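Novice: show me how the following folds:
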Amino acid sequence: MNQLSTLFVAKRALVILLLGLLMAGCGLLPDKDAEDIPENWPEEKLYFAAKERLDAGSCNGAIDYYEKLQGRYPFGAYAPQAQLELAYCHYKSEELPKAIAAVDRFMKLNPTHPSMDYAFYLRGLINFNTGKGAIERHLARDASQRDPGASLKAFNDFSELIKRFPDSRYVADSQLRMRFLRNILAQHEVNVANWYMRRGAFVAAANRARYVVENYQQTPAMPAALVLLAKAYKVLQLDDLSADALRVLELNYPDDPGIEAVKETSVD
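Specialist: I've put the predicted structure just below:
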């Protein structure tokens with residue numbers, strides 16, 4: 001082997017040695033990219049990354065970080081607030097079952113949290129919008145035609161908020177929503193009573209109408225409920241009860257057209 005060949009082989013061996021050392025050295029150095037993976041972030045960094053996206057209006061991005069935080073630090077210092085804000089993000093994203101699950105988890109795990117009033121308010125808002133279609137949430141529709149279950153839950157959430165936290169900043173809005181919900185629930189009962197009347201189920205109609213009279217006074221549905229009550233009792237030949245309902249109707253709503261309708265009701 002001549003001198004040139006020997007030099008070439010030596011250089012090649014040196015290069016291979018240097019590459020080997022370099023590759024071995026890489027394994028000894030910390031993997032900086034691992035620190036940039038959200039799953040490896042400390043709790044505080046995860047929380048504020050989520051909060052930053054929430055404040056920017058990006059609920060989808062925030063949800064991802066909140067869920068990572070709860071998965072890695074379920075009992076950490078930021079976990080309660082993350083649960084509540086996660087519920088809000090699901091609510092804003094119209095993922096209402098997930099929103100209810102998140103707020104219920106918060107309330108179960110943090111019964112004395114300073115934001116418990118907001119939790120009741122948020123759950124009320126979620127139930128308030130449950131059952132509405134995407135179009136209905138943006139257009140005026142007759143809410144009394146829907147299943148009243150979610151409306152009743154929302155009413156109870158707002159009622160509990162007012163009872164437990166009378167000085168809460170959310171009381172005023174809750175009271176307005178409860179007034180609206182009372183009207184909806186009363187009208188729903190009247191709708192059902194009308195349905196029973198059309199099918200000849202007069203006892204059931206009277207029971208529904210009486211429920212409105214007893215529980216939803218001062219709602220717009222009251223005169224219609226009194227009319228139905230008087231009619232149903234008249235058909236059932238409960239004349240004294242029919243007369244009592246008609247008297248209340250005439251006293252409180254003297255111009256209601258239902259007065260004449262009651263008088264013209266046939267018992268045949």
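Novice: my read is that Tyr66 contacts Tyr88, right?
Specialist: No - contact between Tyr66 and Tyr88 fails when scored by Cβ atoms under 8 Å: they sit 9.8 Å apart. From N, CA and C alone the C-beta is placed, and that goes for glycine too.
Novice: please identify which of those two sits among more neighbours.
Specialist: Tyr66 (31 against 20; other Cβ atoms under 10 Å).
Novice: residues contacting the closest residue to that one other than its chain neighbours?
Specialist: Leaving out its chain neighbours, the residue that sits closest to Tyr66 by Cβ to Cβ, 6 or more residues apart in numbering is Leu86, at 4.1 Å. Contacts of Leu86 were listed using Cβ atoms under 8 Å, 6 or more residues apart in numbering, and they are 62-63, 66-67, 70, 102.
Novice: show me which of those residues are buried.
Specialist: 62-63, 66-67, 70, 102 (16 or more other Cβ atoms under 10 Å).
Novice: what's the closest of these to Tyr170?
Specialist: Among the buried ones among the contacts of Leu86, Ala102 lies closest to Tyr170 (Cβ to Cβ), at 18.1 Å.
Novice: from Leu185, how far off is the closest one?
Specialist: Applying Cβ to Cβ, to the nearest Å, the value for Ala102 to Leu185 is 26 Å.
Novice: is it true that Phe202 touches Lys234?
Specialist: No - assessed by Cβ under 8 Å, Phe202 is found out of contact with Lys234, at 9.2 Å.
Novice: any idea how far Lys234 lies from Lys163?
Specialist: From Lys234 across to Lys163, the span is 40 Å (Cβ to Cβ).
Novice: typed the wrong thing, it's Thr219
Specialist: Distance, Thr219 to Lys163, using Cβ to Cβ: 21 Å.
Novice: same drill for the two, tell me which one is more crowded.
Specialist: Thr219 (20 against 9).
Novice: gap between the two ends of stretch 211-219?
Specialist: End-to-end distance of stretch 211-219 (Cα to Cα, to the nearest Å): 13 Å.
Novice: which parts of it are buried?
Specialist: So stretch 211-219, judged by 16+ other Cβ under 10 Å, has buried residues 211-213, 216, 219.
Novice: got a markdown table for these, with pLDDT, distance to Val171 and secondary structure too?
Specialist: Formatted as a markdown table, the buried residues of stretch 211-219 follow (pLDDT from 0 to 100; distance: Cβ to Cβ, whole Å; DSSP: H, G, I helix; E, B strand; the rest coil):
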| residue | pLDDT | distance to Val171 | secondary structure |
| --- | --- | --- | --- |
| Tyr211 | 96 | 27 | helix |
| Val212 | 97 | 26 | helix |
| Val213 | 96 | 28 | helix |
| Tyr216 | 95 | 21 | coil |
| Thr219 | 95 | 21 | coil |
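Novice: wait, Leu46 touches Gly71, no?
Specialist: No - contact status for Leu46 versus Gly71: not in contact, 9.8 Å apart, counting by Cβ under 8 Å.
Novice: who has more neighbours out of the two?
Specialist: A count of neighbours by other Cβ under 10 Å puts Leu46 above the other of Leu46 and Gly71, at 25 against 10.
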